[in-house]
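1. model this:
(2 chains)
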2 protein chains.
Amino acid sequence: MRNFLMAALFALSIPVSAQQQKNDSLALRSLSTEVLTHSKAYANLRELTKTIGGRLAGSPQMVKAEQWAERVLGDAGADTVYKQVCQVPHWVRGAKEEVRIISRRGDKPIKLNALALGNSVGSGASGVTAQVIEVASFEDLDSKKEQVKGKIVFFNYHFRPEFIRTFESYGDAVKYRGQGASRAAKYGALAVIVRSMTHGANNLPHTGSLRYDDAYAKIPAVAIGLEDADLLSKSLKVEKEVKIYLRTNCKMLPDTTGHNVIGEIRGTDFPDQIITVGGHLDSWDVNEGAHDDGAGCVQAIEVLRAFKALGIKPKRTIRVVMFANEENGARGGIRYAELAKIKAEKHVFALESDAGGFTPRGFGFTMPADKQAKIISWAPLFRPYDVYDFSTQGGGVDVGKLYEAIGTPIGELLPDSQRYFDLHHAANDTFETVNKRELELGAFSMAGLIYLIDKYGL
Amino acid sequence: MRNFLMAALFALSIPVSAQQQKNDSLALRSLSTEVLTHSKAYANLRELTKTIGGRLAGSPQMVKAEQWAERVLGDAGADTVYKQVCQVPHWVRGAKEEVRIISRRGDKPIKLNALALGNSVGSGASGVTAQVIEVASFEDLDSKKEQVKGKIVFFNYHFRPEFIRTFESYGDAVKYRGQGASRAAKYGALAVIVRSMTHGANNLPHTGSLRYDDAYAKIPAVAIGLEDADLLSKSLKVEKEVKIYLRTNCKMLPDTTGHNVIGEIRGTDFPDQIITVGGHLDSWDVNEGAHDDGAGCVQAIEVLRAFKALGIKPKRTIRVVMFANEENGARGGIRYAELAKIKAEKHVFALESDAGGFTPRGFGFTMPADKQAKIISWAPLFRPYDVYDFSTQGGGVDVGKLYEAIGTPIGELLPDSQRYFDLHHAANDTFETVNKRELELGAFSMAGLIYLIDKYGL
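-> The predicted model follows:
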């Protein structure tokens, strides 16, 4: 908030002529009309999701996705299209996970709908059969550490409903997915089961990466849906001892080769000054990767297409980047930043869209206050599009690497977040859940911001 | 805009102490947490849509819906629940519409997916068979008036994609549904076919009311989906003469008895001062009426439930109204306003939700500038909830009648509009398209506004 206030104060001191403002207003209207009437974003997303589908780094689908991106960037009018080689993790899920509650009373086993967490180890062919211990939090785990050895730890932390922006609930809960396995292994657990990070009113499990702490044993880890989590918790209340059979067939193979796919419009006046706009091309293997992050990819491509269609010749070089690997490694962003540093490239600004293809509300930024002030001074231009929030801190994983490496000012599109965690990393992140106009309004917002940053610098 | 500027200037002159602002901020936070954690809105909506379904005024389903509303208002904690008798139109669709293209070339007839427009007359048992003439607009119709006699007029006006708020597209296009039949009948047309009022990427027809002009013959009227509209238009380009067979089985019966269903919390200090909050209980017969307007009904009920659950005792009387008939007559709102006038009731403010259960962005108002200024002075309290727009003109059909009758200041919830016309008055307005949190955030926003108006007056 303090950053925002400082930026707002700076903003008041920036003079903009009425004529300039009128021209900018007309330019944004041309962009919105172009995108809302002739956008290729929705058709491109249909093709990516329906003909290629889930595309984890290292998968055969990812190779097809790279080919798709090269073609679509060319069709959109990029002056040049090229790839950056990048080593990516190669995790494979293998055969479907099996997780069953084995009742003491000799009833039939109850099957739970589970997904192995990304980057987790497999259980081995015989699986893990062990008693379950439920914990509500890491504090609860620590207090029960004497009881954990030889058991399966069930992290039943609930996604909190009272936060307004759902990314706050995610930020609050995701540590159980990310660190739960190693925290439990520290006390001798054999495997972990994590309640999915979702408000969703269904039983779909939501996958996502974990990070093992090398100090402890690497143990299998799965996510289960909310109904099964409640069922398991209830079983533990009814029967004192509940055993689970858990088998996962995933494994981490050696790193393999992936690519960032890049399309550029070369700047007319300052071609060496680069403005990046992108999304990540990889997705989880269990869905179509429509909102996460097919939407961000086709929106970034749409920025380029709309510029070309309207004959906008940017002064600076606009670089549309399809990052190679965000979900289980962020290697795409790391590689992009590394090369930018090695080549001593001048990066003016980098924008990403990776929070779903929902109706836009604004942008989050990470940059010095005077630069943010300049952007805030343009906020009234976006108000007719119901894009109003320019004060949130943000940036995103991929462009975040550029900020870390060379301090580039970064931003991310902020779509409405209410529906995102209903489908994030779950089987229902499909094309059908994306609304054409919402996707397009996000693409327009990105195009408008890039247009102004190119015109005025940052 | 001028109204807004005046209101904003007034707002600056209203002193609010820091302590007051803090208390209000805490009160709104209590309301949001209550609604997001214990709301009954979503479960109530499920019951209304799934056990009763479509409920046009005069239908047996509407009787069940009234019983549902009485019970749910009681369960929510209303001090009193009662009904206002109200005469309502009684239009029935009858058997499924049949619309077929009859090719000159003797091919098989092509069936079009059609819905009779609400309040339209039936075609009679033998239907209408006639040549089709396509028009792009009323101007186009007028220019072709000599060719209209004895034909079926096809209004193929496209829903405009370039407006940002979709209600603007609706406002622009809906006259073809509302007035098309009489405008065509004036030149001797036998029936009309209207392109549906939607951006939707499917072939669902969208119904809705028409209004006949008594000066001309009342002719049958149907809506068709976008794919069929494009097909028909293409047929007319390929073959010079295209005939259609059109049969509708609808009819307008004599008015019947309906009811506004009302639940109240009696005010502690000023019980004779009334604040109304409502939605309309009726819906079209072809869907579940989930967004239109089951959502508005359960949100209004949730305002009352949340107040009761938190022990908020309003100073003024809060009246939750389920209006009897909005879709094809607005008789519920008219009756409510009529009785308010007859009884010389003091109405402080009336709020409605009838634009879908989507994520809220603000409120539209119709009231004098000094009163709106008071509301605008509270806008910062809603900003943490991403509710930011207090400057749009608005009010809604039902509470609009109260404004017309006795000048009551009115408002309406403004949800995000992007998805609304994908399902408005079509078969896909179902419970599944409503997101629990979006519905709840709308209910909270309404509760917060009602809370402040009750506390400070207007």
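2. buried sites along the longest strand anywhere in chain A?
-> Of all the segments assigned as strand in chain A under DSSP state E, the longest by residue count is strand A:251-265. Buried residues in strand A:251-265, counting neighbours by 16 or more other CB atoms under 10 Å in any protein chain shown, are found at A:252, A:258-265. In short, each C-beta sits where N, CA and C put it, glycine included.
3. return the member of those nearest to chain B.
-> Using CB to the nearest CB, A:Ile265 is the member of the buried residues of strand A:251-265 that sits closest to chain B, with 24.3 Å.
4. pretty sure the closest one is touching A:Arg305, no?
-> No. At 10.4 Å, A:Ile265 does not count as touching A:Arg305 under the criterion of CB atoms under 8 Å.
5. what residues are shared contacts of these two?
-> When contacts are counted by CB atoms under 8 Å, 6 or more residues apart in numbering or on different chains, A:Ile265 and A:Arg305 have A:Gly77 as shared neighbours.
6. was I right to think A:Pro415 contacts A:Gly362?
-> No. Counting by CB under 8 Å, A:Pro415 does not reach A:Gly362; the two are 9.3 Å apart.
7. returning to what we had before: check which helices and strands the longest strand of chain A sits against.
-> On a contact count with 3 or more CB pairs under 8 Å, 6 or more residues apart in numbering or on different chains; DSSP states H and E, strand A:251-265 meets helix A:60-76, strand A:80-92, helix A:295-309, strand A:316-323, helix A:331-342.
8. out of these, flag the one nearest B:Leu48.
-> When the helices and strands packed on strand A:251-265 are compared by CB to CB, helix A:295-309 sits nearest B:Leu48, at 32.6 Å.
9. quick one: distance of that closest one to the chain centre.
-> 18 Å (CA atoms, centre = their mean, to the nearest Å).
10. likewise stretch A:378-386?
-> How far stretch A:378-386 lies from its chain's middle: 26 Å, per CA atoms, centre = their mean.
11. count the residues that sit near A:Gln147.
-> Burial of A:Gln147 is recorded as 15 neighbouring residues (other CB atoms under 10 Å in any protein chain shown).
12. got the phi/psi numbers for it?
-> Recorded main-chain torsions at A:Gln147 are phi -100, psi 0, according to degrees, to the nearest 10.
13. same question, A:Thr408
-> phi -60, psi 130.
14. enumerate the residues of chain A near chain B.
-> A:32-33, A:36-37, A:161-162, A:164-166, A:199, A:201, A:359, A:361, A:384-386, A:388-389, A:416, A:418-419, A:422, A:435-438, A:441 (CB under 8 Å from any CB of the partner chain).
15. narrow those residues to those that are buried.
-> A:32-33, A:36, A:161, A:164-166, A:199, A:359, A:361, A:385-386, A:388-389, A:416, A:418-419, A:422, A:435-438, A:441.
16. which of those fall within helices?
-> Counting by DSSP state H, these place A:32-33, A:36, A:166, A:436-438, A:441 in helices.
17. those: which two are farthest apart?
-> Across these (CB to CB), the longest gap, 31.3 Å, separates A:Thr33 and A:Thr166.
18. A:Pro415 and A:Gly362: which has the busier surroundings?
-> Each of A:Pro415 and A:Gly362 has its neighbours counted (other CB under 10 Å); A:Pro415 has more, 27 against 23.
19. what distance do you get for the more buried one to B:Arg211?
-> In this view, A:Pro415 and B:Arg211 are 39 Å apart by CB to CB, to the nearest Å.
20. same check, this time on A:Leu45
-> 40 Å.
21. neighbour count for those two, which is higher?
-> Higher neighbour count among A:Leu45 and B:Arg211: A:Leu45, with 26 against 13, using other CB under 10 Å.
22. for the more buried one, give its distance to A:Thr51.
-> Applying CB to CB to A:Leu45 and A:Thr51 gives a distance of 11 Å.
23. check what pLDDT A:Ala7 gets.
-> Predicted confidence (pLDDT) for A:Ala7: 59.
24. repeat for the one 3 residues further on
-> What the model reports as pLDDT for A:Phe10 is 59.
25. what about A:Ile453, which helix or strand?
-> Here A:Ile453, judged by DSSP states H and E, is contained in helix A:436-456.
26. excluding chain neighbours, what is closest to A:Phe286?
-> Careful, residue A:286 is Val; it's not Phe. For A:Val286, ignoring the flanking residues on the chain, the nearest one in space by CB to CB, 6 or more residues apart in numbering or on different chains is A:Ala427 at 5.4 Å.
27. check contacts around the one you found.
-> A:204, A:286-287.
28. and with 10 Å instead?
-> Applying CB atoms under 10 Å, 6 or more residues apart in numbering or on different chains to A:Ala427 gives the contacts A:54, A:113, A:115, A:202, A:204-207, A:284, A:286-288.
29. out of the residues you listed, which are buried?
-> Of those, these count as buried by 16+ other CB under 10 Å: A:54, A:113, A:115, A:204-207, A:284, A:286-288.
30. list the contacts for the nearest residue to A:Thr37 once chain neighbours are set aside?
-> The spatial neighbour of A:Thr37 that comes closest, neighbours along the chain excluded (CB to CB, 6+ apart), is B:Pro161 at 5.4 Å. Contact analysis of B:Pro161 by CB under 10 Å, 6+ apart lists A:33, A:35-39, A:436-437, A:440, B:169, B:199.
31. export the residues you listed to JSON lines and tack on distance to A:Val99 and pLDDT?
-> Below are the contacts of B:Pro161 laid out as JSON lines (distance: CB to CB, whole Å; pLDDT from 0 to 100):
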{"residue": "A:Thr33", "distance to A:Val99": "51", "pLDDT": "98"}
{"residue": "A:Val35", "distance to A:Val99": "45", "pLDDT": "98"}
{"residue": "A:Leu36", "distance to A:Val99": "46", "pLDDT": "98"}
{"residue": "A:Thr37", "distance to A:Val99": "49", "pLDDT": "98"}
{"residue": "A:His38", "distance to A:Val99": "48", "pLDDT": "98"}
{"residue": "A:Ser39", "distance to A:Val99": "42", "pLDDT": "98"}
{"residue": "A:Lys436", "distance to A:Val99": "38", "pLDDT": "98"}
{"residue": "A:Arg437", "distance to A:Val99": "40", "pLDDT": "98"}
{"residue": "A:Glu440", "distance to A:Val99": "40", "pLDDT": "98"}
{"residue": "B:Ser169", "distance to A:Val99": "48", "pLDDT": "98"}
{"residue": "B:His199", "distance to A:Val99": "43", "pLDDT": "91"}
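32. before we move on, back to that, what kind of secondary structure is the residue nearest to A:Val286 in?
-> At A:Ala427, secondary structure determined by DSSP: H, G, I helix; E, B strand; the rest coil is coil.
33. next, give phi and psi for it.
-> When read as degrees, to the nearest 10, the backbone of A:Ala427 gives phi -60, psi -20.
34. how much space is there between it and chain B?
-> According to CB to the nearest CB, to the nearest Å, A:Ala427 and chain B sit 16 Å apart.
35. pLDDT wise, what is that residue at?
-> A:Ala427 is given a pLDDT of 98.
36. got it, and A:Asp107?
-> pLDDT, A:Asp107: 74.
37. tell me, how many residues neighbour it?
-> Neighbour tally, A:Asp107, other CB under 10 Å: 9.
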